[in-house]
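S.K.: sequence and predicted structure, then a few things I'm wondering about:
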Amino acid sequence: MENPEQLIRKGVHHDGLKEGLVKAFLGSLTWGIVIVALLLFGRICWDGVPVLVKPDFPFIDVAFLTEKTETLHVFDDANAERHSLPASEYYQWVDEHGADAVFNAQTYSYSGGGIAGPIVGTALLTLLSIILALFFGVAAAIYLSEYAKQGRFINLVRLAILNLAGVPSIVFGLFGFAVFVLVAPVFTDVPSDRSLFAIPLGFTWLSFQGWNSSLIAGSATLACMMLPVIITASEESLRAVPQGFREASLALGATRWHTIRKCVLPFAMPGILTSSVLSLARAAGETAPIMFTAAVAAKDDFPWEGVSGPLGVLQSQVQALPYHIYTLAARIPTSEYTQRAQYGSVFVFLLMIFMFSTLSIVLRNRVRSKLKW
Amino acid sequence: MTQEHPATPAAASPTSSAVPAIQVKGVDFSYGDKQVLKDVTLDIPTNEVVAFIGPSGCGKTTLLRCFNRMNDLVPGAAVTKGSIIIEGANIADKAIDPVELRRHVGMVFQKYNPFPRSIYDNVAYGPRTLGERKKSVLDEVVEKSLRRAALWDEVKDRLDDIATGLSGGQQQRLCIARTMAVDPEIILMDEPCSALDPIATAHVEDLILSLREHYTIVIVTHNMQQATRVSDRTAFFYLGEMVEYDTTRKVFENPSHKRTMDYISGRFG
């Protein structure tokens, strides 16, 4: 029975079609992005997983993670059997069978052995840079949020720091090269010829001759790149600590610094660390800042080999995963023999970044549930 | 309860025999261009409870926060005229360190704000700040303060529990215990019961009454019954001026100003 005076009509509202179209449009865009990302990751995993995962115990190709990078030698033996051996094993083979037994020899740079060098290099670079960035970043954030007289000038400083986050990483790379590699001060008994100037200290010289391309120069550059994010995030974490804690502490006769140390920083630290881990993941993936300041394509030693003490480690150049991937992709001809190293490196790298991000999310969730006021 | 108090002195007149704990002499106070206190003068006698009442924005909390120089934290806020003398010292004096001042003038805040640490650590925070490290001394201070705050029996078995797990009233009494742990002479209370339910409020009020033999207490309150229950003297503020200051009984039973009368009878405010 049709009621002619029915107020709520049946059927689709006149805007229903438009509504549906908008939903379909936005949805298809979103799923398009997801599909492209999945294809990309799928391809990397498809080719990367076989490199790293083995069917038998311990299920992971430990050698790929723990061996140094070597040149891959591909050749036929007298029986027309194909061999592909990393340099060290190749020379052993040649010793045993004689150089005459090698036919159709080809070499592929960086494609044999493992990627322990780049992994170690990236680990050292990120570790050192996060220490530097946290130290300077948290110090600056404390000053900006707790001590500085709030006003237009400080807001301007904040804006400048925020903008610094948008500076391209290659610019940071050049900055690091110009400052840390070429003119940063060192203590030395014999100032170098290209020292900008040297200050005699009596027992030694303070010479502005730079740190050369080295672990410390690269870490300092990466730290500069992370600083804006860390300062901003730290300041936000500090501001999130209730004003009541500060007032209560001050009212109990604590000094400002004591209050910050005992009643502000401990409660802000989880937030600071969480955001730092995220920026660490970004820094670990950067190629441009370390290209001129720390990274080398090939290195036979680990950073701690053939140097004297921890200072020597800081002064040594390192391999790094992102730079290694760049080298493998752009500097050597691609073939079926290079794919193992290429996809393996990218896959391991993705795994590392994935671990960092997961760590940061887990950390954040744990902290959120633990700290409530 | 006010009846029990020997509340006879000649009100706000500066002729009181003993030296007052706090002397406010003609104080003007501004936040930037905005003047919030105008020529306030009053004496707060030692070991008495003084209540500040008045409508919101009348400057009573501002005056309270002057006493321990908490307003130093607010940019642009300053006493522009007059002086505040506590225990014989002008607290605006350059030579007076606010950190030192606050050890003598404690403060309890409107919103209870224990640190999210253990109950023990909250009370021990002040003594530890002063450099006390000995466990036995700290134990003693914690127990004494919690006993004075009438909280000891409720928490003695769970001193290591996180303080924010206590009920609101317990948290506020914990904050009072924390303040007493540094052994101040004066305790400022900024609407200590405004976030509490009536039962917790009664607990805190009982506590305030029991504390007056040890401390001089200044309490800001919006609750006029509370002022009559806990205070010996009451100051009524209106628009930055102190309208009336007398014994609580006089202010509430026979105020000398019409405005006070209107306020306490609920005609405005």
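M.R.: Arrived safely.
S.K.: count of neighbours near A:V186?
M.R.: The tally of other residues near A:V186 (other CB atoms under 10 Å in any protein chain shown) stands at 18. Every residue, glycine included, has its C-beta placed from N, CA and C.
S.K.: hmm, I typed the wrong one, I wanted B:P45.
M.R.: B:P45: 17 surrounding residues under other CB under 10 Å.
S.K.: any idea how far it lies from B:R267?
M.R.: Relative to B:R267, B:P45 is positioned 30 Å away (CB to CB, to the nearest Å).
S.K.: now A:W31
M.R.: Applying CB to CB to A:W31 and B:R267 gives a distance of 66 Å.
S.K.: before we move on, what about A:W257?
M.R.: 50 Å.
S.K.: which residue ranges of the stretch 101-250 of chain B form strands?
M.R.: Listed in chain order, the strands found in the stretch 101-250 of chain B under DSSP state E, counting those that start in this stretch are B:105-108, B:186-190, B:216-220, B:233-238, B:241-247.
S.K.: could you find the closest non-adjacent residue to A:A281?
M.R.: Closest residue in space to A:A281, ignoring its immediate chain neighbours: A:F356 at 3.9 Å, by CB to CB, 6 or more residues apart in numbering or on different chains.
S.K.: ok so the one you found is a helix residue?
M.R.: Yes: assignment of A:F356 by DSSP: H, G, I helix; E, B strand; the rest coil places it within a helix.
S.K.: where do the helices sit along the chain?
M.R.: Looking at chain A here, since you left the chain open. Ranges of helices in chain A, per DSSP state H, are A:16-52, A:62-66, A:87-97, A:116-142, A:152-164, A:169-176, A:215-240, A:243-251, A:256-259, A:265-284, A:288-291, A:309-315, A:321-330, A:339-370.
S.K.: oops, I was thinking of chain B
M.R.: Taking DSSP H, the helices of chain B run over residues B:60-67, B:98-104, B:119-129, B:135-148, B:152-155, B:168-180, B:198-211, B:224-230, B:248-253, B:258-264.
S.K.: pLDDT below threshold where in chain B?
M.R.: Chain B contains residues with pLDDT under 70 at B:1-17, B:269.
S.K.: so the residue nearest the centre of it bridges to which residues?
M.R.: Central residue of chain B (CA atoms, centre = their mean): B:L188, 2.0 Å from the mean position. B:L188 has these beta-bridge partners by DSSP bridges: B:M107, B:V218.
S.K.: spell out which parts of chain B neighbour chain A.
M.R.: Contact residues (CB under 8 Å from any CB of the partner chain) of chain B with chain A: B:68, B:70, B:73, B:75, B:99-100, B:102-103, B:106-107, B:109, B:111, B:113-116, B:125-126, B:129-130, B:164, B:175, B:178-179, B:182.
S.K.: which of those residues are buried?
M.R.: Among those, those classed as buried by 16 or more other CB atoms under 10 Å in any protein chain shown are B:68, B:70, B:99, B:102-103, B:106-107, B:109, B:113-116, B:125-126, B:129, B:164, B:175, B:178-179, B:182.
S.K.: how far away is A:R261 from A:S195?
M.R.: Applying CB to CB, the value for A:R261 to A:S195 is 40 Å.
S.K.: neighbour count for those two, which is higher?
M.R.: Counted by other CB under 10 Å, A:R261 and A:S195 do not tie: A:S195 has more neighbours, with 18 against 14.
S.K.: please name the nearest non-neighbouring residue to the more buried one.
M.R.: A:S195's closest residue in space is A:Q209 (CB to CB, 6+ apart), at 3.8 Å.
S.K.: my guess is that neighbour contacts A:R194. True?
M.R.: Yes: using CB atoms under 8 Å, A:Q209 is in contact with A:R194, at 6.2 Å.
S.K.: now for residue 191, how many residues are close by?
M.R.: Going with chain A. Burial of A:P191 is recorded as 19 neighbouring residues (other CB under 10 Å).
S.K.: wrong one, I was asking about chain B
M.R.: Neighbourhood size, B:E191 [other CB under 10 Å]: 21.
S.K.: who's in contact with it?
M.R.: Contacts for B:E191 (CB atoms under 8 Å, 6 or more residues apart in numbering or on different chains) come out as B:T61, B:Q110, B:V220, B:T221, B:H222.
S.K.: any idea how far the last one lies from B:L239?
M.R.: Yep, that's B:H222 we're talking about. Using CB to CB, B:H222 is found at 16 Å from B:L239.
S.K.: with the second one instead?
M.R.: Between B:Q110 and B:L239 the distance is 21 Å, computed by CB to CB.
S.K.: the longest strand in chain A is where?
M.R.: strand A:103-113 (DSSP state E).
S.K.: circling back: A:Q209 and A:R194 - which one has more neighbours?
M.R.: Set A:Q209 next to A:R194 and count neighbours by other CB under 10 Å: A:Q209 wins out with 20 against 11.
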